[in-house]
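K.L.:
generate a structure from the sequence data that follows.
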Amino acid sequence: MRIKLLLPVFLLFLLVANAQSVYNFETENSTYVNLTGSTSLNNGAVWDDPGFTIPLGFSFNIATYTFDTIYILGWSTGGLVSSNPVDGDIIPIFNPIAQDIIDLGFDSGISESNISYKTEGAAGSRILKLEWNNVGFFEDSTGDDFMNLQLWLYEGSNTIEYHYGASSINNPLESFENETGPLISMGTSYNSSNDILEDNGYFLSEDPIDPTIIILPAGSPVVLSALDGMMPSGTVYRFLQQPLSVEDFSKNDFQIYPNPASHFLTIKSKVDNYNFNIYNSLGQHVNATLSENKIDISNLSSGIYFLKIETETGSATKKFIKQ
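P.N.:
Got it, this is the predicted structure:
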């Protein structure tokens, strides 16, 4: 199992009084098992951009949302799931695949891609499993590419998992819509009317076996990132809900000035021993030097950046503008 603590690209805003939602990310490889005895949603009908309702059988929490029903969003691309089906609302999103998926049998009129769900386990520790079986890709002109995937939601821990099974991608340029691989993300609160995050968004990129996590904070526009190829069968991506200690962060509160800045950014901190990192709006680390609490930002391009201060008891991030 690989565990990422999300620190290298942790762009969590701590300027506001309310803490943002924090998730740790893990990957592992576990045998993919197709659902048996599950309830079909399409019931043998072919589908494209389906809208379905799935009862969880328990309450689930993500950020400020608590719900017992989820929806495959009919106004999206087939793999987007939320607790609210209304286009234009502010919603949490589960996005195990963002490319446009479709029933492999759509052209023939005979369904080859069952969508089903099943809730397993004893009360207090149940798991909702939602499966897309042998789904094709809308843009694939060959009609041969397919993948298998599942979304798991855990009662109690509120853990989120994406599971990936067998796949065949021989036409990646079309199936992945000119991306290098699948687009995969999880958004704790997303404004579907303006494509802006209201809370942290988590986006996977680079190596599908050991992805890099880009975390965009509240107020950021959604910037999708792609993996470099298809996930091997058995891949599991896990998002673990973490409590955030506002007290730890407030003990190490700091100020930055001037803001906006052109050449130097001064840090005023309650502690002397700290490390700092600067990230651009895409979550990419940029280089800058610190001397006597002043950071030389003269070589940075104009734009929005995030300064993260880390101490022994916590960390905090603030936004600044380079003129």
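
K.L.:
restricting to C-alpha, output stretch 264-279 in CSV.
P.N.:
C-alpha atoms of stretch 264-279 as CSV (Å, rounded to 0.1, in the frame of the first residue of the first chain):
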residue,chain,number,x,y,z
PHE,A,264,10.1,40.6,-1.8
LEU,A,265,7.5,39.0,0.5
THR,A,266,8.0,39.5,4.2
ILE,A,267,6.9,36.8,6.7
LYS,A,268,5.8,37.8,10.2
SER,A,269,5.4,34.7,12.3
LYS,A,270,4.8,33.8,16.0
VAL,A,271,7.5,31.1,15.7
ASP,A,272,11.1,31.3,14.5
ASN,A,273,11.6,27.8,13.4
TYR,A,274,9.6,27.0,10.2
ASN,A,275,9.9,25.8,6.7
PHE,A,276,8.2,27.3,3.7
ASN,A,277,7.1,26.3,0.2
ILE,A,278,5.5,28.2,-2.6
TYR,A,279,3.0,26.7,-5.2
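
K.L.:
buried set for that stretch?
P.N.:
265, 267, 269, 274, 276-279 (16 or more other CB atoms under 10 Å). Yep, even glycine has a C-beta here, placed from its N, CA and C like the rest.

K.L.:
which of these lies closest to Lys118?
P.N.:
Of all the buried residues of stretch 264-279, Lys118 sits closest to Tyr279, with 40.3 Å by CB to CB.

K.L.:
okay, and the helix or strand of this structure with the least pLDDT?
P.N.:
Lowest on mean pLDDT, DSSP states H and E among the helices and strands of the chain sits strand 2-4, with a mean of 39.

K.L.:
and the helix or strand following that one, what does it pack against?
P.N.:
Downstream of strand 2-4, the first helix or strand assigned by DSSP states H and E is strand 22-29. Helices and strands touching strand 22-29, by 3 or more CB pairs under 8 Å, 6 or more residues apart in numbering; DSSP states H and E, are strand 2-4, strand 235-242.

K.L.:
just send those strands back as TSV, with distance to Thr31 and mean neighbour count too.
P.N.:
Formatted as TSV, these follow (distance: least, CB to CB, whole Å; neighbours: other CB atoms under 10 Å):
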stretch	distance to Thr31	mean neighbour count
strand 2-4	17	13
strand 235-242	10	18
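
K.L.:
which of these has the lowest mean pLDDT?
P.N.:
Ranked by mean pLDDT, the helices and strands packed on strand 22-29 end with strand 2-4 in last place, scoring a mean of 39.

K.L.:
distance check, Leu240 against Ile127.
P.N.:
15 Å (CB to CB, to the nearest Å).

K.L.:
spatially nearest residue to Ser298, not counting backbone neighbours?
P.N.:
In this structure, Ser298 finds its nearest non-sequential neighbour in His263, 4.7 Å apart by CB to CB, 6 or more residues apart in numbering.

K.L.:
hang on, that neighbour packs against Leu300?
P.N.:
No. In this structure, His263 is not within contact of Leu300 by CB atoms under 8 Å, at 10.0 Å.

K.L.:
those two - which one has more neighbours?
P.N.:
More neighbours surround Leu300 than the other of His263 and Leu300, with 20 against 13 (other CB atoms under 10 Å).

K.L.:
give me the neighbour count for Ser157.
P.N.:
Each residue near Ser157 was counted by other CB under 10 Å, and the total is 11.

K.L.:
I meant Asp210, not that one.
P.N.:
Counted with other CB under 10 Å, the neighbours of Asp210 add up to 9.

K.L.:
same check on Phe67?
P.N.:
15.

K.L.:
is it bridged to anything, and to what?
P.N.:
Applying DSSP bridges to Phe67 gives these bridge partners: Phe60.

K.L.:
next up, the contacts around it.
P.N.:
56, 59-60, 83 (CB atoms under 8 Å, 6 or more residues apart in numbering).

K.L.:
one step back: would you turn the helices and strands packed on strand 22-29 into TSV with distance to Thr64?
P.N.:
Below are the helices and strands packed on strand 22-29 laid out as TSV (distance: least, CB to CB, whole Å):
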stretch	distance to Thr64
strand 2-4	24
strand 235-242	13
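
K.L.:
of those, which is nearest Asp195?
P.N.:
strand 235-242 (21.1 Å).

K.L.:
can you name every helix or strand that the closest one contacts?
P.N.:
Counting by 3+ CB pairs under 8 Å, 6+ apart, strand 235-242 packs on strand 22-29, strand 160-168.

K.L.:
at 10 Å what do you get?
P.N.:
Judged by 3 or more CB pairs under 10 Å, 6 or more residues apart in numbering; DSSP states H and E, strand 235-242 is in contact with strand 22-29, strand 52-62, strand 146-154, strand 160-168, strand 185-191, strand 201-205.
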